[in-house]
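sequence-free structure coming up:
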Ligand SMILES: Cc1cc2nc3c(=O)[nH]c(=O)nc-3n(C[C@H](O)[C@H](O)[C@H](O)COP(=O)(O)O)c2cc1C
């Protein structure tokens with residue numbers, strides 16, 4: 001099902017990835033990630049927070065994934081099931097990239113006040129969740145964020161990054177979201193532990 005000889009041959013046919021964007025400056029990297037996932041054969045559904053929509057447009061992700069992009073708990077489409085539970089049921093993996101300090105705080109506290117945190121809460125235990133944080137170094141190193149990350153790790157959430165390097169705020173340090181190819185490889189490593197949820201129909 002999945003081959004990982006090299007990145008260009010990586011296949012994820014039959015897998016469903018729900019890509020959740022929160023409002024960090026690295027939202028642009030998630031467009032590349034969505035594109036590479038689609039090229040690898042995965043079905044990709046995108047949910048964006050209101051803040052994420054300030055950085056990138058749903059249209060970009062609609063064009064890359066060939067699917068409707070979800071931005072609100074209250075949005076209806078052709079399918080009238082609750083969006084947060086249907087996305088959680090669909091997902092073989094949920095990827096939160098970029099993950100803000102805010103979304104991780106909500107996840108660690110069980111807050112469900114928008115589509116992204118509600119979908120993540122509804123998916124807990126139903127599929128693996130991979131978090132790719134990105135933020136200013138002081139935000140990352142704050143006791144609040146570190147405590148939230150520790151709690152989420154304890155609960156079994158998977159983390160990738162953040163990396164060190166140049167940050168949008170003009171400093172150099174830890175806080176960069178890791179590059180899309182690295183996130184893609186980690187998604188494949190996690191997915192290959194199980195067949196697609198809907199393997200029988202693919
Ligand atoms: C220009 C700009 C860049 C930001 N970049 C980040 C970021 O990289 N990481 C982060 O945690 N918050 C960042 N923020 C703050 C978040 O957008 C803010 O906390 C927001 O409420 C997050 O909402 P969400 O988690 O619902 O998407 C940034 C804000 C602005 C105005």
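Nice, I can see it. Bear in mind the structure is a predicted one, so any value in this text is a computation, not a measurement.

Backbone dihedrals for residue 47, please?
Torsion angles at residue 47 (phi, psi; degrees, to the nearest 10) stand at phi -120, psi 140.

quick one: residue 25 from residue 136, how far?
Counting by C-beta to C-beta, to the nearest Å, the gap from residue 25 to residue 136 is 10 Å. C-betas here are computed from N, CA, C, even on glycine.

That should have said residue 192, apologies.
Distance, residue 192 to residue 136, by C-beta to C-beta: 34 Å.

quick one: which of those two has more around it?
Ranked by neighbour count (other C-beta atoms under 10 Å), residue 192 and residue 136 place residue 136 first, with 19 against 14.

ok, that one - contacts?
Residues in contact with residue 136 (C-beta atoms under 8 Å, 6 or more residues apart in numbering) are 167, 169, 171, 175.

is stretch 90-101 anywhere near the ligand?
Yes. Looking at stretch 90-101 against the ligand by C-beta under 6 Å from any ligand atom, the contacts come from 100-101.

Now do the buried residues in that stretch.
90-101 (16 or more other C-beta atoms under 10 Å).

so the residue lying closest to residue 110 once chain neighbours are set aside is in which element?
Nearest residue to residue 110 in three dimensions, chain neighbours excluded: residue 121, at 6.3 Å (C-beta to C-beta, 6 or more residues apart in numbering). Secondary structure assignment for residue 121, by DSSP states H and E: helix 115-123.

tell me what that helix is packed against?
Packing partners of helix 115-123 (3 or more C-beta pairs under 8 Å, 6 or more residues apart in numbering; DSSP states H and E): strand 16-21, strand 43-48, helix 83-90, strand 93-99, helix 101-109.

need these in TSV with mean pLDDT, can you?
Listed next are those as TSV, based on pLDDT from 0 to 100:
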stretch	mean pLDDT
strand 16-21	98
strand 43-48	98
helix 83-90	91
strand 93-99	98
helix 101-109	98
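
Specify the stretch among these that is closest to residue 198.
Nearest to residue 198, of all these, is strand 16-21, at 7.2 Å by C-beta to C-beta.

Show residues contacting the closest one.
Applying C-beta under 8 Å, 6+ apart, the contact partners of strand 16-21 are 27, 30, 33-34, 37, 42-49, 52, 56, 61, 87-88, 90-98, 103, 116, 119-120, 123, 187, 196-198.

Could you find the closest non-adjacent residue to residue 106?
Closest residue in space to residue 106, ignoring its immediate chain neighbours: residue 117 at 4.3 Å, by C-beta to C-beta, 6+ apart.

Contact partners for residue 74?
With C-beta under 8 Å, 6+ apart, residue 74 has no contacts at all.

in what helix or strand does it lie?
Judged by DSSP H and E, residue 74 forms part of no helix or strand.
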